[in-house]
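Asks: Got a predicted structure plus its sequence, pasted below:
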2 protein chains.
Amino acid sequence: MLVVFTGGTGGAKLIEGFRFTVNSKDLIIICNTADDFILHGLHISPDLDTVTYTLAGIADPEKGWGINDDSFVVLEALGRLGAETWFKLGDKDLATHITRTRLLREGRPLSQVTKHICAALGVEAAVVPMCDQRVATLVTTPQGDFSFQEYFVKRRWEDEVKGIFFDGIEDAEPAPGILDSISKAAAVVICPSNPVTSIGPILGVPGVRDALRQTQAPVIAVSPIIQGASFSGPAHRLMPAVKMEASAFGVAAAYADFLDAILIAREDQSLKSKIQALGIDAVAGPIRLDSLAHKKKLAESVLSLC
Amino acid sequence: MLVVFTGGTGGAKLIEGFRFTVNSKDLIIICNTADDFILHGLHISPDLDTVTYTLAGIADPEKGWGINDDSFVVLEALGRLGAETWFKLGDKDLATHITRTRLLREGRPLSQVTKHICAALGVEAAVVPMCDQRVATLVTTPQGDFSFQEYFVKRRWEDEVKGIFFDGIEDAEPAPGILDSISKAAAVVICPSNPVTSIGPILGVPGVRDALRQTQAPVIAVSPIIQGASFSGPAHRLMPAVKMEASAFGVAAAYADFLDAILIAREDQSLKSKIQALGIDAVAGPIRLDSLAHKKKLAESVLSLC
């Protein structure tokens, strides 16, 4: 069993590689939900959906979010009714949010709701939210505190970040099966997702980090940072706000207490010895995920390292 | 000020006539909400919407419900996610239900929510739900009790009807302004809507029937029944279940305590004297509403009778 920690867009690219290289029944994807938010009264789980759509083969490969060939009729009509339209919800995508919101209101936990949606979309891998409780990433800026989606999408990650915290994380519990799957995994992979706002919340759920420290399985990360810049999203801007160095070394250091090895970019070769001094094996190679061939190749590299 | 009592489809046809014959700012439309129901976790108000879309000029004239040129992308996707799809919700239409549900959950009463939606769609007439509380029509059949939409749409009004009741009606209060507008109206029009399940609930809201009895304004109805059959929907089947005769006479008798005059079909001419014996003026003429010309003509006949 391969246990994978992921956020949305960046992580989903590696997961697409696994889709073609690992039996999907052997995949357990543990997903960040601290970016979840309520919009139009609907519960939106951007990372769960990006991963689910990727595994279902219906993700939009160009945009990195949403469902392919989607239309935006409802969103336009919502706009005419006075609603905010900065978060682009497609029509097919909306059906997921409507269904999730209904099932949550009926009292079902998010992990079960996610299972229902995955089954309906033919996803055989287990997609598991990090917890069933509400945890919300808040980004502190000179302009005020914003939810992650407000900071990232609405305000286009232009604000200076003073701090990041995860509201509700102390009271969260790992979703059913997470701790057990980490302890029994053949390997654990940390996707090239934002170490602060994607992997950070998962590691912050009480018990998860301990489980990673204790598992016998190798824990392998892929750096989301190449030469000081993240290949998708604002990781390199958020890392300094929580005193991480915005580099592959910073990523390795953030995971040092449980990480066995990290794949870094060939361009970051010079960081190898510094990372190895942390007791972490560093392997330099091609880690960009621009095409399906790259995604499959990186998935294979990760698997061989496991 | 013209105060109009209405349900959905049938009543909206006459209201479309008024749209072209009355200054819309002088129109107060009091709308049945006992057909409202929750589907996909969304609060749907079929009669409010049909009336609002009609006044906004965006109703679907062929179907009699929904918005013209609508698509059904979300509904199909909901179906793939395991939801029931017997109630045809278009994409543009869904934006209304999403907005209404959000505003209600934020604690705003339905009357204010309706005002918001009407303003956004450019409707100048006042569209007012009969009350801000939840009232639900339940249809008792040998197969069990059904909500009105289940009975009417899902089960295609094929069940034998043993009884009809309006759950919650005793605790309802007329929405703000309704009683006042009835007492100050220049005239009150009862649309050719189902006297049992469309007009019945409005009359059942405590205080409304008394206001109609007491107003100085003429109260005029248009019969929804021609020669024993309703021209839209199941009125003629539901009337006997509550001991009304399924005829224009039955309609007049149901409103006898407050009605001044009723427009009946030319084909029902023979019922005139029987209706007049109730102390109600009966005027026979063309009351079908098949074309826009018919709708305008009937609206003018009603206005001249007022």
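Replies: All right, it came through fine. Numbers count the residues shown, from 1 in each chain, chains lettered A, B, ... in the order given.
Asks: pLDDT at the nearest residue to A:V196 once chain neighbours are set aside, what is it?
Replies: The shortest distance from A:V196 to any non-neighbouring residue, by CB to CB, 6 or more residues apart in numbering or on different chains, is to A:L238 (4.3 Å). Placement of C-beta: from N, CA and C, glycine included. We have a pLDDT of 91 for A:L238.
Asks: so which helix or strand takes in A:L238?
Replies: Counting by DSSP states H and E, the element that carries A:L238 is helix A:235-241.
Asks: Give me the mean pLDDT for the helix or strand that that helix is followed by.
Replies: Moving toward the C-terminus from helix A:235-241, the next helix or strand (DSSP H and E) is helix A:248-254. On average, the pLDDT along helix A:248-254 is 97.
Asks: So which elements touch helix A:248-254?
Replies: Judged by 3 or more CB pairs under 8 Å, 6 or more residues apart in numbering or on different chains; DSSP states H and E, helix A:248-254 is in contact with strand A:225-226, strand A:261-265, helix A:272-276.
Asks: repeat that with 6 Å
Replies: Contacts defined by 3 or more CB pairs under 6 Å, 6 or more residues apart in numbering or on different chains; DSSP states H and E place helix A:248-254 against helix A:272-276.
Asks: now the helix it packs on: how far from the chain's centre is it?
Replies: From the chain centre to the centre of helix A:272-276 is a distance of 25 Å (CA atoms, centre = their mean, to the nearest Å).
Asks: which outside residues touch it?
Replies: If you take CB atoms under 6 Å, 6 or more residues apart in numbering or on different chains as the criterion, helix A:272-276 is touched by A:249, A:252, A:282.
Asks: Would you mind listing the buried residues in stretch A:13-21?
Replies: By 16 or more other CB atoms under 10 Å in any protein chain shown, the buried positions in stretch A:13-21 come out as A:13-19.
Asks: ok, now stretch A:97-117?
Replies: So for stretch A:97-117, counting by 16+ other CB under 10 Å, buried means A:97-104, A:108-115, A:117.
Asks: among those residues, which are within reach of chain B?
Replies: With the criterion set as CB under 6 Å from any CB of the partner chain, the members of the buried residues of stretch A:97-117 near chain B are A:98-99, A:101-102.
Asks: and of the contacts of helix A:272-276, the nearest to chain B?
Replies: A:A252 (40.2 Å; CB to the nearest CB).
Asks: number of nearby residues for that closest one?
Replies: Neighbourhood size, A:A252 [other CB atoms under 10 Å in any protein chain shown]: 27.
Asks: Check A:V283 too.
Replies: Residues near A:V283, counting by other CB under 10 Å: 17.
Asks: what about it, distance to chain B?
Replies: As judged by CB to the nearest CB, to the nearest Å, A:V283 and chain B stand 41 Å apart.
Asks: So that residue: helix, strand or coil?
Replies: strand (DSSP: H, G, I helix; E, B strand; the rest coil).
Asks: what's the spacing between it and A:A221?
Replies: 11 Å (CB to CB, to the nearest Å).
Asks: Can you report how many residues lie near the closest residue to A:M244 other than its chain neighbours?
Replies: Nearest residue to A:M244 in three dimensions, chain neighbours excluded: A:G250, at 4.4 Å (CB to CB, 6+ apart). When counting by other CB under 10 Å, one arrives at 21 neighbours for A:G250.
Asks: mind listing what A:V4 touches?
Replies: Counted by CB under 6 Å, 6+ apart, A:V4 has contacts A:29, A:189.
Asks: Can you pull the residues of the stretch 101-250 of chain A lying near chain B?
Replies: A:101-102, A:105, A:120.
Asks: Now compare these and name the two farthest from each other.
Replies: Pairwise distances across those (CB to CB) peak at 18.0 Å, for the pair A:R105 and A:A120.
Asks: where in chain A is pLDDT low?
Replies: Along chain A, no part satisfies pLDDT under 70.
Asks: do that again at 80, thanks
Replies: A:61, A:231-232 (pLDDT under 80).
Asks: Do a quick rundown of the strands in it.
Replies: For chain A, applying DSSP state E gives strands covering A:2-6, A:27-31, A:37-39, A:42-44, A:126-129, A:136-141, A:144-147, A:163-167, A:187-190, A:219-222, A:225-226, A:229-230, A:261-265, A:281-285.
Asks: Single out the residue in the stretch 151-300 of chain A that lies closest to chain B.
Replies: For the stretch 151-300 of chain A, CB to the nearest CB, closest residue to chain B: A:K154, 17.7 Å.
Asks: measure the nearest residue to that residue once chain neighbours are set aside to A:L138 for me?
Replies: Leaving aside its sequence neighbours, A:K154 sits nearest to A:W86 (CB to CB, 6+ apart; 4.6 Å). In this view, A:W86 and A:L138 are 18 Å apart by CB to CB.
Asks: Also A:V251?
Replies: Taking CB to CB, one finds A:V251 at 22 Å from A:L138.
Asks: neighbour count winner among those two?
Replies: A:V251 (30 against 17).
Asks: isn't that one right up against A:V196?
Replies: No: contact between A:V251 and A:V196 fails when scored by CB atoms under 6 Å: they sit 10.1 Å apart.
Asks: if we can go back for a sec, nearest to B:P61, out of the contacts of helix A:272-276: which one, please.
Replies: Among the contacts of helix A:272-276, and counting by CB to CB, the member closest to B:P61 is A:A252, at 65.6 Å.
Asks: Neighbours of the residue lying closest to that closest one once chain neighbours are set aside, how many?
Replies: Nearest residue to A:A252, sequence neighbours excluded (CB to CB, 6+ apart): A:I275, at 4.5 Å. Using other CB under 10 Å, A:I275 has 26 other residues around it.
Asks: Against A:R288, how distant is A:I275?
Replies: 19 Å.
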